[in-house]
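**Student:** build me a model from this:
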Amino acid sequence: MARFEALALHREAVRRALRVLAQPLNAPLAARLLYETVDAIWYGIGDESVDFSFYTKRGLLGGLLAVTSLYWLEDRSANFTETRGFLERRLGDLGALPRWRERVASRLDILPNPFRLGRALRGR
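**Tutor:** From the prediction side, this is the model:
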């Protein structure tokens, strides 16, 4: 939210910049700028991960920042309270990801392992 509050006076400029970045030829630049932004945010809060979570964290924050930015551009509420609520709901959704992953993993454990099946067939 601090980012959106800092950009509040320049919202129309942000809208125009995003319009340019949304053009197909500018997709590589848009992706790089988004990555650099989320990378700076993670480093700014002290993230020093070097494992797979490095990419996961940046990917999730990139998606969250992108959709929240679009929501913010259309928010006409006082002090961006609707954007704040939207962001909090999306963060709540992200908080549910570990539970969802556990449910999927437990259901996948029930399925037969195709690699073990292949080894069994090869031995015959």
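
**Student:** ok, residues contacting the longest helix anywhere in the chain?
**Tutor:** If you go by DSSP state H, the chain has its longest helix at helix 52-74. Outside helix 52-74, the residues that touch it by CB atoms under 8 Å, 6 or more residues apart in numbering are 4, 11, 14-15, 18, 34-35, 37-39, 41-42, 47, 49, 80, 82-83, 86-87, 90-91, 94. (Glycine included, C-beta is placed from N, CA and C.)

**Student:** please repeat the previous calculation with a cut-off of 7 Å.
**Tutor:** If you take CB atoms under 7 Å, 6 or more residues apart in numbering as the criterion, helix 52-74 is touched by 4, 11, 14-15, 34-35, 37-39, 41-42, 47, 49, 80, 83, 86-87, 90, 94.

**Student:** how far off centre is that helix?
**Tutor:** In terms of CA atoms, centre = their mean, to the nearest Å, the centre of helix 52-74 is found 3 Å from the chain centre.

**Student:** fine, thanks again, bye for now.
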